[in-house]
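A.B. asks: below: sequence and its predicted model.
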Amino acid sequence: MHDDHSWLSPRSTTEVELNTGLLAEVLKDYRNEHGVSQADLAQILNMDQSYVSKIESGRRQVRDLDTFLRVINQLGIAPARLGLSKELLHPVSPPSTSTLVNEVDPVAVSQEQWCRIRRELNSRRRELAEAAATLYQPEARIGKAPFIAKREWMPPAPVRLENIQLGWSDGRVPIIVTGTEPEADQALPLRAPGRRFERYTSAIRYLDPPSLFENRVSYRLLDVDLSPGHERMTFGLATYFDKLDLSEAIAHELASAQAPDRTTPRADWSELPLRSLIGDPFDLHRRPVMPAIETLTLRRQRNTGKATFLLHWRDPAKVATAAGIYGLIPAGEFQPSSVASWDTKNDFDLWRSMVREFSEELLGEPERDGSSGEPLDYDNWSLYRDLQAARENGRVAVYCLGIGLDTLTLTATVLTVVVMDDDIFDELFGDSVRVNAEGVLITAAESTSVSEGVPFTEENVTRLLTREPMASPGACILDRSWRFRAQVLGR
């Protein structure tokens, strides 16, 4: 009688038969479906174009599972399309002898501990960011927020957005530190006995999925100089999950390094191997830096010059990052509306990205994600056209205050301010939604509508900077905007 029961368990990754021909078909189909060039696809996958070309032509036989996993994760491809089962990638452990005798299952323990630390991370982000700030040179810190920047990243005064030149890099810039190194083990739970999740985003997807969690192509920051006379930023391509795999992992690593009886978070390089691997936080070529754009929206009363601003609370059940804290609105990733080459070029504009966020977060309109297959026609989009006309007439002003890094996650944010005359604001955003896809808009007690927001006063700014759980980019914007209030609110 044959006693081999090995077929009851999933095969190990070393025994998987990988179909390179199927991989080639998937890559070509993806490019055709999304209008993506081979060069663009290589950038998205962080591979050489020649390597992608050899796979598609059949000249290169892929024998490692990591390449298949990268395609699945970066392009959002279902494992079945590549001949792989979900159970194979994230196998469920069969009951072991230890669990049968009511002993602890190490996989369950590891995953529960990971979930517990992630809850602590989301509930203590401001405290942890303050602890992380002690790791970096004090002169790099910007204002009172746990936010750091190079000197040339922070202009001495607000810069008109239209004066910043955006450059594009067609060449592939390899990502050196990805969050998949052995140093990341502390932040990655077990998915099976002896096997950890390969990426932090995979752990989020399976153990703590928010309602919004989708990998998207993003603009990768490669160079920036905002000093007077040099105002420019240079970008390439990467993906949103490239960012999270490292940024959330180093935040998790710091949270997990806290002793249970440690009431005040503390940061020590010896406990942070993955963060140590990153090294210089301002080296934009060593790791993937895909900036968000966060905006202080000021509604300026034309007759008094006083202003109110919009404040947003990020619901932990809806978002994957910066949850349970206050932020400014709108805020979103700087990314094209789709992976198509035409959208990558058409959407490569800070202001266009900001207007899309105004539409989604304030008006509750569907995300303009390029799903129609046609580039967004900004000039014939009424909201964009009206805002652009108001800018040209001096009724709306848009400023950049700089770009910097949150000390906890080392994620970058472009800091912006939009000032609108009250009649323009009320006409376009008077019917702002209170609840959106990421959280809730906050108003002052005396406000009669959501769109009125919170008075832009020293008292309210100080309170948010010192007593409330405020995301560091928003805190930095408030701090700098208050210091530059005469220039920002002036006509």
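C.D. replies: Received the coordinates, thanks.
A.B. asks: residue 47: what secondary structure?
C.D. replies: Classification of residue 47 using DSSP: H, G, I helix; E, B strand; the rest coil returns coil.
A.B. asks: now do the same for it: its pLDDT.
C.D. replies: As predicted, residue 47 sits at a pLDDT of 79.
A.B. asks: over to residue 203?
C.D. replies: Here the pLDDT value assigned to residue 203 is 94.
A.B. asks: thinking it is in contact with residue 188, fair?
C.D. replies: Yes: here residue 203 reaches residue 188: they are 6.3 Å apart, a contact under C-beta atoms under 8 Å. For every residue, glycine as well, the C-beta is placed using N, CA and C.
A.B. asks: what is in contact with those two at once?
C.D. replies: Common contacts of residue 203 and residue 188 (C-beta atoms under 8 Å, 6 or more residues apart in numbering): 114, 197.
A.B. asks: list phi and psi for residue 412.
C.D. replies: Backbone geometry at residue 412, expressed as degrees, to the nearest 10, gives phi -100, psi 150.
A.B. asks: looking at strand pairing, list the partners for it.
C.D. replies: Assessed by DSSP bridges, residue 412 has beta-bridge partners residue 405.
A.B. asks: list the contacts for residue 333?
C.D. replies: Applying C-beta under 8 Å, 6+ apart to residue 333 gives the contacts 216, 218, 240, 290, 291, 292, 293.
A.B. asks: could you point out which element follows the helix or strand where the second one lies?
C.D. replies: Secondary structure from DSSP states H and E places residue 218 in strand 217-225. From strand 217-225 onward toward the C-terminus, using DSSP H and E, the following helix or strand is strand 232-239.
A.B. asks: rewinding a little: list the buried residues of the strand holding residue 218.
C.D. replies: By neighbour count on 16 or more other C-beta atoms under 10 Å, the buried set for strand 217-225 is 217, 218, 219, 220, 221, 222, 224.
A.B. asks: so for those residues, which is the shakiest by pLDDT?
C.D. replies: Among these, residue 217 carries the weakest pLDDT, at 90.
A.B. asks: please report the distance of that one from residue 237.
C.D. replies: Going from residue 217 to residue 237 by C-beta to C-beta, to the nearest Å gives 6 Å.
A.B. asks: shared neighbours, these two?
C.D. replies: With C-beta under 8 Å, 6+ apart as the test, residue 217 and residue 237 both reach 44, 344.
A.B. asks: I'd assumed residue 311 was in contact with residue 454.
C.D. replies: Yes: with contacts counted by C-beta under 8 Å, residue 454 reaches residue 311, the gap being 5.2 Å.
A.B. asks: the more surrounded of these two?
C.D. replies: Shown here are residue 454 and residue 311; by other C-beta atoms under 10 Å, residue 311 has more neighbours (24 against 20).
A.B. asks: which residues does the more buried one contact?
C.D. replies: The neighbourhood of residue 311, defined by C-beta under 8 Å, 6+ apart, consists of 326, 327, 328, 329, 441, 442, 443, 453, 454, 464.
A.B. asks: try it again at 10 Å.
C.D. replies: 296-297, 326-329, 440-444, 453-454, 460, 464, 468, 470, 474, 478 (C-beta atoms under 10 Å, 6 or more residues apart in numbering).
A.B. asks: phi first, then psi, for the nearest residue to residue 232 once chain neighbours are set aside.
C.D. replies: Computed as C-beta to C-beta, 6 or more residues apart in numbering, the closest residue to residue 232 that is not its neighbour in sequence is residue 165, at 4.4 Å. In terms of degrees, to the nearest 10, the main-chain angles of residue 165 are phi -90, psi 130.
A.B. asks: what do you get for residue 464?
C.D. replies: Residue torsions, per degrees, to the nearest 10, at residue 464 are phi -70, psi -30.
A.B. asks: returning to that earlier point: would you turn the buried residues of strand 217-225 into TSV with distance to residue 135?
C.D. replies: Putting the buried residues of strand 217-225 into TSV (distance: C-beta to C-beta, whole Å) gives the following:
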residue	distance to residue 135
217	31
218	26
219	27
220	24
221	21
222	24
224	22
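A.B. asks: residue 247 contacts residue 408, correct?
C.D. replies: Yes: under the criterion of C-beta atoms under 10 Å, residue 247 makes contact with residue 408 at 8.6 Å.
A.B. asks: neighbour count for these two, which is higher?
C.D. replies: Using other C-beta under 10 Å as the criterion, residue 247 and residue 408 rank with residue 408 on top: 29 against 24.
A.B. asks: now stretch 230-240: buried residues?
C.D. replies: 231, 233, 234, 235, 236, 237, 238, 239, 240.
A.B. asks: what are the ranges of the helices in the stretch 1-150 of the chain?
C.D. replies: Using DSSP state H, counting those that start in this stretch, the helices of the stretch 1-150 of the chain run over residues 20-34, 38-45, 49-57, 65-75, 86-89, 97-100, 106-123, 125-133.
A.B. asks: which one of those helices lies closest to residue 353?
C.D. replies: Nearest of those to residue 353, taken as C-beta to C-beta: helix 38-45 at 18.4 Å.
A.B. asks: outside of the closest one, which residues touch it?
C.D. replies: By C-beta under 10 Å, 6+ apart, the list of residues contacting helix 38-45 reads 27-28, 30-31, 34, 36-37, 47-53, 56, 67, 70-71, 73-75, 169-173, 215, 217-218, 220, 236-239, 242, 339-341, 344.
A.B. asks: how about 7 Å then?
C.D. replies: 27, 31, 48-49, 52-53, 70-71, 74, 172, 217, 236-237, 239, 339, 341, 344 (C-beta atoms under 7 Å, 6 or more residues apart in numbering).
A.B. asks: please apply the same query to stretch 233-244.
C.D. replies: For stretch 233-244, the surrounding residues in contact (C-beta under 7 Å, 6+ apart) are 40, 43-44, 46, 73-74, 164, 166-169, 173, 175, 200-201, 215-224, 288, 290, 320, 333, 335, 411.
A.B. asks: list buried residues within the residues you listed.
C.D. replies: 40, 43-44, 46, 73-74, 164, 173, 175, 200-201, 215-222, 224, 288, 290, 320, 333, 335, 411.
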